[in-house]
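In: Structure, please.
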Amino acid sequence: YEGVPTAIPSEDTRDNFTSHLYSALSQKSIETFINRGDEISQSLVDAIEASAISLIIFSEGYASSRWFFDKLVKILQCKRVYGQIVLPVFYGVDPAPVKWPTGSYGDSFLKLEERFKENSEKLQTWRNALKE
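Out: A predicted model of the protein is given here:
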């Protein structure tokens with residue numbers, strides 16, 4: 001594999017599940033791209049586009065971050081355009097509340113919606129990405 005962009009969704013997985021996954025992939029010589037920051041860097045966009053597989057790690061904290069939704073949208077775009085394989089991993093969350101944000105996952109998404117209420121197009125893009 002060229003590389004596996006891996007989302008570090010939030011503090012709830014960074015020091016346990018994701019770090020172990022990153023280590024295991026690295027030991028198998030699978031190049032793994034992990035990016036932290038407020039914006040998706042061009043190098044991460046390039047890595048996502050060049051990858052055969054993307055892992056999306058959905059955790060309870062995922063729904064509170066604009067950055068992760070923007071990355072999710074980019075990954076799904078690559079799935080449609082390049083046929084990239086996308087593997088969702090549900091870490092500590094049930095898939096149903098992710099697709100239709102409810103419960104604590106929905107509460108986090110509502111807070112994000114409040115922050116971006118003036119950008120209804122972006123919010124709809126994020127909702128569609130969750131459903132996909």
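In: Checking my notes, Val89 in a strand, right?
Out: Yes. Val89 sits within a strand when classified using DSSP: H, G, I helix; E, B strand; the rest coil.
In: Tell me the spacing between it and Ser43.
Out: 23 Å (Cβ to Cβ, to the nearest Å). Heads up, the C-betas are built off the backbone N, CA and C, glycines and all.
In: Kindly report the same for Gly106.
Out: For Gly106, the distance to Ser43 - Cβ to Cβ - is 33 Å.
In: Look at the closest residue to Thr125 other than its chain neighbours and say how many residues are nearby.
Out: The shortest distance from Thr125 to any non-neighbouring residue, by Cβ to Cβ, 6 or more residues apart in numbering, is to Val73 (5.7 Å). Val73 has 17 neighbouring residues, counting by other Cβ atoms under 10 Å.
In: cool, the one 10 residues further on as well?
Out: Neighbour count of Gly83, defined by other Cβ under 10 Å: 8.
In: Distance check, it against Phe69.
Out: 22 Å.
In: that older thread, so for Gly106 and Ser43, which residue has more residues nearby?
Out: Just comparing Gly106 and Ser43: by other Cβ under 10 Å the higher neighbour count belongs to Gly106, 15 against 10.
In: Let me know whether that one touches Val98 as I believe.
Out: No. Taking contacts as Cβ atoms under 8 Å, Gly106 lies outside contact range of Val98: 9.6 Å.
In: quick one, strands of this protein?
Out: Using DSSP state E, the strands assigned to the chain run over residues 4-5, 32-33, 53-58, 85-90.
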